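**Q** Have a look at this prediction, sequence included:
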Amino acid sequence: MIALLVRDIRLAFRAGGGFGLGLAFFLIITILVPFSVGPQSQLLTTIAPGILWLGALLACLLSLDRMLALDWEDGTLDLLATAPLPLEATLAIKALAHWLTTGLPLVLAAPILGVLLNLDPQGFSWLVASLALGTPALSIIGAFGAALTVGLKRGGLLLSLLVLPLYVPTLIFGAEAARRGATGLEALPPLLLLAGITAGSFAILPFAAAAALRVNLR
């Protein structure tokens, strides 16, 4: 399992589309938003949690099609399907590798980019906590979508259309937790709901993704 995790992390760096692309996209969104809404510091403070969460979601979306596509192209996916390691565990590890190379850098960069959006200082810890709890759900949902669309030509657009509706609850509770934390309101309830979504996703979606992948490999 550790060997597979290390291999996927190395592939993410070698093939591109890892943390560099995600961070660049995250930075571009953060820079362009002030230009689009104007130099209104109070408005930026209000919308900063939602913009940062939306930017993180879209940045995670960029590299989802690479999660299984490379293994499909070189035949590694067939070997993994017949390996002693259960396919459900394989997909969970791939989701973890995606989070380590894409989601975790976004979590670490969020406070710095929050300064650019004039995020209230008391909201930084809640923003980081919500992203740390919510972005793993984005990765495992993305693994499910990748399993459904693997092998399809130009499946990246279809993958986006499939997973974006599933991302909505995570986006709602993540942005709400960050917003409440930044405004001094009680942020624990949406944060706990966000943790529940992530835990439930990792409990259910590896099995659904494995079932979809077995159908595609037949």
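**A** Sure, I can see it.

**Q** those helices in the chain, which residues are they?
**A** Ranges of helices within the chain are 2-15, 19-37, 41-62, 66-74, 76-81, 87-98, 104-116, 124-149, 155-183, 188-217, based on DSSP state H.

**Q** Distance of the residue nearest to W99 when sequence neighbours are not counted relative to L43?
**A** Spatial nearest neighbour of W99, chain neighbours left out: S139 (4.1 Å); criterion: Cβ to Cβ, 6 or more residues apart in numbering. Bear in mind the C-beta positions are built from the backbone N, C-alpha and C, glycine included. Using Cβ to Cβ, to the nearest Å, one gets 31 Å for the distance from S139 to L43.

**Q** tally of neighbours for the residue nearest to W99?
**A** Other residues lying near S139 total 27 when counted by other Cβ atoms under 10 Å.

**Q** What does the pLDDT read for the residue nearest to P49 when sequence neighbours are not counted?
**A** Among residues not flanking P49 along the chain, A178 sits closest, at 3.6 Å (Cβ to Cβ, 6+ apart). Per-residue confidence at A178 stands at 94 (pLDDT).

**Q** neighbours around A178, how many?
**A** 32.

**Q** and if you look at A92?
**A** Using other Cβ under 10 Å, the number of residues around A92 comes to 21.
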